[in-house]
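Chemist: quick one, what's the 3D model for this:
(4 chains)
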Protein chains: 2
Amino acid sequence: MAPTTETLTAERILEATEEVLRRHGPAKATVVDVARALGVSHGSVYRHFRTKAALREAVTKRWLDRTSEALFAIVGRDRAPETLLREWLCALFDAKRRKAGDDPELFATFSVLTGENSRVVDQHIEELTAQLTEILRDGITRGAFVVTDPEVAARAVFHATGRFHDPTYAGSWKRPEAQAEFDAVLDLLLRGLRAADRPQH
Amino acid sequence: MAPTTETLTAERILEATEEVLRRHGPAKATVVDVARALGVSHGSVYRHFRTKAALREAVTKRWLDRTSEALFAIVGRDRAPETLLREWLCALFDAKRRKAGDDPELFATFSVLTGENSRVVDQHIEELTAQLTEILRDGITRGAFVVTDPEVAARAVFHATGRFHDPTYAGSWKRPEAQAEFDAVLDLLLRGLRAADRPQH
DNA sequence: CAGCTGACAAATATTGAAATCTGTCAGCTG
DNA sequence: CAGCTGACAGATTTCAATATTTGTCAGCTG
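Modeler: Residues are numbered from 1 along each chain as shown, chains lettered A, B, ... in the order given. Sure, this is the predicted structure:
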């Protein structure tokens, strides 16, 4: 549609693909569409991405990385460990909910990859649990949390909150009870992590 | 296949349908198949069930009720509240895992209904959370749990353990880590429910 | 006459032929 | 000659014709 004199880069292809996916969704988007949007032949796209699947994954990775980075900023905040964990998990739920609402087609792409156990999604999950582990580890050293193994606990927290970040459940995030349900799970988990000589909020 | 002199009852139809579903799975099973298995015309089946969907739901309800009943037996056991909750949740995970493994076609039927937000599945979930509420309530009166609202907490526990009973995740139940992951979530939740003057297990 | 049958219309699923898309590559072009 | 094109084979999707299934009901039957 807009043939540019600029050289064709992986980055430009990713941008165009994101736009095409946004417009057509994962089911209808073709690499011919992407090539057309860039004003090149579809063969050129294959010079930068071996397969259509690789392209979809790269786009999704970029999209997920934006969330990981936003969440990573929270890990560094100067807060009581409990507050930090609360803020981080709220931000995670918020981010996913917003993505599902504002960007349904890209979210659908992400859901498809999740269903296919894509490496990209696994990596995203590992990154998130690594951040969680960091928060827990910090909370332990500061005496706020009592946890044997922060990695195991991080995974447990991630699993226990799955309903609020796993795309499978995206449909239920619109329901008015969703936030209260999230809060209930969060309270329970925080109480479980908290050191015994707890300030009984 | 085996035309009987016996009168056609809802019960007999349910049995035959369960068998047909087991053999063909939810995608292939037809009400003509069910009628053939009973040696009647398919019109007769519609005398007892208004639609095919109603029939599928009735079969699934029966199948789910067997689990609910088995779990209900645990609620009455004479145990420390914490032990009781642990046994109940383990039994829930076990039951689902076994059903997914031993009865894949009926489990698939259940999964389909879950995806369609069927009334039957909602009812099953309500029954299970009611049992959970009962366990928590008992634990509160006996001073073992500290929980503001047992209903809210029951729902939170149910949501937090979703990965280990929601059919969406059935695929992951075979993985060797599954049990350890379940234990980690369970420990965290129990710690969150436990009264402050806890016997530090 | 309660309960079943079987013929039927409408909805849904299957099939197979045509169209489109993916992925490759020889050769063109700036 | 690095990078793009476009023609091509094989894989996949679409589409429309066909077949099956669902759900109804008038009438048969024990």
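
Chemist: what about the residue most central in space within chain A, which helix or strand?
Modeler: A centroid search over chain A (CA atoms, centre = their mean) returns residue A:64, at 4.6 Å, as the residue closest to the centre. Using DSSP states H and E, residue A:64 maps to helix A:52-75.

Chemist: that helix vs DNA strand C: in contact?
Modeler: Yes: shown here: helix A:52-75 in contact with DNA strand C (CB under 7 Å from any atom of the strand) through A:52, A:53. In this view, the C-beta of every residue, glycine as well, is placed from N, C-alpha and C.

Chemist: that helix close to DNA strand D?
Modeler: No: using CB under 7 Å from any atom of the strand, helix A:52-75 never reaches DNA strand D; the gap is at least 9.9 Å.

Chemist: show me what that helix packs onto, helices and strands only.
Modeler: Helix A:52-75 sits against helix A:10-28, helix A:31-38, helix A:81-102, helix A:104-115, helix A:119-141, with contacts defined as 3 or more CB pairs under 8 Å, 6 or more residues apart in numbering or on different chains; DSSP states H and E.

Chemist: the ones you listed: which one's closest to residue A:75?
Modeler: Closest approach to residue A:75 among these is made by helix A:119-141 (5.2 Å; CB to CB).

Chemist: can you check what angle separates that closest one from helix A:104-115?
Modeler: 80 degrees (axes from the mean of the first three to the mean of the last three CA atoms, to 10 degrees).

Chemist: give me the mean pLDDT for helix A:119-141.
Modeler: When pLDDT is averaged over helix A:119-141, the result is 98.

Chemist: give me the contacts around it.
Modeler: Contacts to helix A:119-141, defined as CB atoms under 8 Å, 6 or more residues apart in numbering or on different chains, come from residues A:57, A:60-61, A:64-65, A:67-68, A:71-72, A:75, A:81-82, A:84-85, A:88, A:92, A:110, A:113-114, A:145-147, A:150-151, A:153-155, A:157-158, A:193.

Chemist: tell me which element whichever residue of chain A sits closest to DNA strand D is part of?
Modeler: Here the residue of chain A nearest DNA strand D is residue A:43; by CB to the nearest atom of the strand that distance is 2.3 Å. Secondary structure assigned from DSSP H and E places residue A:43 in helix A:42-48.

Chemist: coming back round to it: the spatially closest residue to the residue of chain A closest to DNA strand D that is not a sequence neighbour: neighbour count?
Modeler: Nearest non-adjacent residue to residue A:43, counting by CB to CB, 6 or more residues apart in numbering or on different chains: residue A:35, 8.0 Å away. Here the count is done by other CB atoms under 10 Å in any protein chain shown, and residue A:35 has 20 residues near it.

Chemist: what of residue A:91?
Modeler: Number of residues near residue A:91 (other CB under 10 Å) recorded here: 15.

Chemist: for the nearest residue to residue A:164 once chain neighbours are set aside, what are its contacts?
Modeler: Closest residue in space to residue A:164, ignoring its immediate chain neighbours: residue A:93 at 4.5 Å, by CB to CB, 6+ apart. Residue A:93 sits next to A:161, A:164, A:165, A:173, A:182 when contact means CB under 8 Å, 6+ apart.

Chemist: can you lay out the helices and strands packed on helix A:52-75 as TSV showing distance to residue B:49?
Modeler: TSV is the format used below for the helices and strands packed on helix A:52-75 (distance: least, CB to CB, whole Å):
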stretch	distance to residue B:49
helix A:10-28	34
helix A:31-38	46
helix A:81-102	37
helix A:104-115	32
helix A:119-141	41
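
Chemist: got those helices as CSV, with distance to DNA strand D columns?
Modeler: Listed next are these as CSV, based on distance: least, CB to the nearest atom of the strand, whole Å:
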stretch, distance to DNA strand D
helix A:10-28, 6
helix A:31-38, 7
helix A:81-102, 24
helix A:104-115, 11
helix A:119-141, 19
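
Chemist: so what's the closest residue to residue A:103 other than its chain neighbours up against?
Modeler: Nearest non-adjacent residue to residue A:103, counting by CB to CB, 6+ apart: residue A:22, 6.9 Å away. By CB under 8 Å, 6+ apart, the residues touching residue A:22 are A:103, A:105, A:106.

Chemist: roughly how far apart are the residue nearest to residue A:164 and residue A:144?
Modeler: The spacing between residue A:93 and residue A:144, counted by CB to CB, to the nearest Å, is 22 Å.

Chemist: the residue of chain A closest to DNA strand D: how many residues sit nearby?
Modeler: 9.

Chemist: could you measure from it over to residue A:28?
Modeler: 21 Å.

Chemist: which non-adjacent residue is nearest the residue nearest to the centre of chain A?
Modeler: Per CB to CB, 6+ apart, closest to residue A:64 is residue A:124, 4.4 Å.

Chemist: DNA strand C contacts on chain A?
Modeler: Contacts of chain A with DNA strand C, taken as CB under 7 Å from any atom of the strand, map to A:30, A:31, A:32, A:42, A:43, A:46, A:50, A:51, A:52, A:53.

Chemist: what's the neighbour count on the residue of chain A found nearest chain B?
Modeler: Closest approach between chain A and chain B, counting by CB to the nearest CB: residue A:192, at 3.2 Å. Residues within reach of residue A:192, counting by other CB under 10 Å, total 24.

Chemist: is it fair to say it lies in a helix?
Modeler: Yes: assessed by DSSP: H, G, I helix; E, B strand; the rest coil, residue A:192 belongs to a helix.

Chemist: that one touches residue B:188, doesn't it?
Modeler: Yes: with contacts counted by CB atoms under 8 Å, residue A:192 reaches residue B:188, the gap being 4.3 Å.

Chemist: about what we covered before: next step: the contacts of residue A:93 restricted to strands.
Modeler: Among the contacts of residue A:93, no member falls in strands (DSSP state E).

Chemist: show the backbone phi and psi for residue A:118.
Modeler: phi -70, psi 140 (degrees, to the nearest 10).
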